[in-house]
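Trainee: Sequence and predicted structure are below.
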Amino acid sequence: MKRWGMLLVAAMALGAADDDAGTWLTYGKNHLGWRFSENRQINTTNVSQLTPQWVFQTGVPGKFQATPLVFDRMMFVTAPENHAYGLDLATGRQVWHYYKPMPRETSVCCGRVNRGFAVKGQTLFKVNLEARLLAMDAKTGTVLWETEVEEIKKGYSLTVAPLVVKDMVLIGVAGAEFGVRGFIDAYDINTGKRRWRFWTVAGPEDPGIKTWGGDSWKRGGGSTWITGTYDPELNLVYWGTGNPGPDMNGDVRPGDNLYTCSIVALDVDTGKLKWHYQMTPHDVHDWDAIADPVLIDTVVKGQKVKAVVQANRNGFYYVLDRASGKLLFAKPYTKVTWADGVSPDGRPILVRDQDPTEEGTKSCPGIGGGHNWQATAYNPLTNMYYFTSTEGCHIFYKTDQEFREGQWYQASTTAPIPTEPTTGAIFAVVPGTGEIKWKWEMVTPPTSGMLTTAGGLVFGGDREGYVFALDARSGKPLWKFQTGGTVIAPPITYMLDGRQYVAVAAGSSMMTFALPRTPAAAK
């Protein structure tokens, strides 16, 4: 059996989320985070014929970032402002609608967004912005239980797509820009009772407290707003963590600030830390490590390795041993001025005079990365890992700011460089070497995540409103469609009645595409 097939067999034990090419049952398509579909009806020879099928307009303004779930001839979509929908998969007709007004005191960093549902059986799980976790009946949208995760007065909010593992639903939290102390939680899927909590900012109960000066850990950030991944063989869940707080003034938080800007591996039954790896110790550039940690069995320097890979916001691509957390290698994929590389002990080799200052310091990449939060994809047939990147630099400033609970706490700002406008790119990288096989240039920074398929395709979108398909092996553009709205979400694909569809959120609408029906299929 193929090497990648062995990895999928282990994941299939988790259920149809990995097994059924006709559905889409979890944020990353499988618990490994590949966003790879075995569907090949749409391929490099016919993708140019893709046409719209139906459009569902939410009517809700804001950033539409959801990954929809598909099963039982239904599509389940979350939208901004605590909206959610159950749609008929064949027509896009609304079957049910959920909405709960957000309390006025809710603090939100970067849009009133939601990235999608999780599902177990006929129960959907979603978060609300006011730091609540819900279980819902998939057929009716009825709320089965609701749990308060944290107090919104402290600055917490929730935007993450949950992850179901065993009989638990796992979530991460947002709010680093409001001085929260980040965490990852697990809840019982039947009752909503919390099973465990792992604090991503080390406190007095953790030896990592030594990496925080004074009581700065109490407001240390480390939010966890992108969905993690799970290895059933190791029984470990992997999650990326965000920046320390305040973002760009590190004077008030001396030390490495564990476990911010890291990947953490947790025992899924207990929430205990198995290992951590910190990409950017004492981050002062807002270079979160929240990007999806993707699990790939690969070959590094001639050795077969169970790896976890991440294209980090700091400009480096990392490959770690996912059993031990050992760094296998790190390699820059974009312009990097803050470090000359990563030493064998895993720490970056810092370049002097790259920290923010009151006068402003130019550093690369800019505040958004490199690769930011947008979903990545791995295709086992091409053995390529696909991700987006913002290409450019920023001026980073440092200011002083007094902390006030529930208030914006960044102590900093940035500015673009007018003579050096940022652009974007999509990279195709060989996972075990970091070799860039191709790079597709974009005129503006990327906004959407990626999807890859057995049909030899990579799908994405941009801020100009195009959804597009590239040849997965060469990066050659093969198809595009103007949706009329910015594409911030990653596309998905599924099968219905023997026909493959591609779906993506664009503007405030959910759009679907398919090949024209053949005369035989129309009968």
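Mentor: Thanks, I have it.
Trainee: if I look at the closest residue to Asp288 other than its chain neighbours, how far off is Pro293?
Mentor: The spatially closest residue to Asp288, leaving aside those adjacent along the chain, is Gly242, at 4.2 Å (CB to CB, 6 or more residues apart in numbering). All C-beta spots, glycine's among them, are computed from the backbone N, C-alpha and C. Noted for Gly242: a distance of 13 Å to Pro293, by CB to CB, to the nearest Å.
Trainee: The two: which is more packed in?
Mentor: More crowded of Gly242 and Pro293, by other CB atoms under 10 Å: Gly242, with 32 against 28.
Trainee: For the stretch 1-150 of the chain, give me the ranges with low pLDDT.
Mentor: When residues are selected by pLDDT under 70, those of the stretch 1-150 of the chain lie in 1-19.
Trainee: May I have the phi/psi pair for the residue nearest to Asp288?
Mentor: Backbone torsions for Gly242, taken as degrees, to the nearest 10, come to phi -90, psi -170.
Trainee: Count the residues that sit near Pro162.
Mentor: Other residues close to Pro162 by other CB under 10 Å number 30.
Trainee: One more: Pro52?
Mentor: Pro52 has 11 neighbouring residues, counting by other CB under 10 Å.
Trainee: from what I can see it touches Gly484, true?
Mentor: No - taking CB atoms under 8 Å as the definition, Pro52 is not a contact partner of Gly484, at 10.9 Å.
Trainee: Cys364 contacts Thr390, doesn't it?
Mentor: No - counting by CB under 8 Å, Cys364 stays clear of Thr390, with 10.5 Å between them.
Trainee: Out of these two, name the residue with the larger neighbour count.
Mentor: Under the neighbour definition other CB under 10 Å, Cys364 and Thr390 were set side by side, and Thr390 has more, 25 against 19.
Trainee: Is it correct that that one falls within a strand?
Mentor: Yes - per DSSP: H, G, I helix; E, B strand; the rest coil, Thr390 lies within a strand segment.
Trainee: Okay, and the beta partners of it?
Mentor: Judged by DSSP bridges, the bridge partners of Thr390 are Gly424.
Trainee: same check, this time on Met495
Mentor: Beta bridges link Met495 to Gln500, judged by DSSP bridges.
Trainee: Name every strand pairing with the strand or helix carrying Val169 and say which way it goes.
Mentor: In the assignment (DSSP states H and E), Val169 maps to strand 168-172. Here strand 168-172 has these sheet partners by DSSP bridges: strand 163-165 (antiparallel), strand 183-188 (antiparallel).
Trainee: Now it - C-alpha only, PDB.
Mentor: What follows is strand 168-172, C-alpha atoms only, in PDB (Å, rounded to 0.1, in the frame of the first residue of the first chain):
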ATOM      1  CA  MET A 168     -14.900  15.300  23.000                       C
ATOM      2  CA  VAL A 169     -15.100  18.600  21.100                       C
ATOM      3  CA  LEU A 170     -11.900  20.700  21.200                       C
ATOM      4  CA  ILE A 171     -11.800  24.400  20.800                       C
ATOM      5  CA  GLY A 172      -9.300  27.300  21.000                       C
END
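Trainee: Which residues belonging to that strand are considered buried?
Mentor: Within strand 168-172, the residues that qualify as buried are 168-172, counting by 16 or more other CB atoms under 10 Å.
Trainee: mind putting those residues in a markdown table, pLDDT and distance to Met450 included?
Mentor: A markdown table is the format used below for the buried residues of strand 168-172 (pLDDT from 0 to 100; distance: CB to CB, whole Å):
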| residue | pLDDT | distance to Met450 |
| --- | --- | --- |
| Met168 | 98 | 28 |
| Val169 | 98 | 25 |
| Leu170 | 98 | 23 |
| Ile171 | 98 | 23 |
| Gly172 | 98 | 21 |
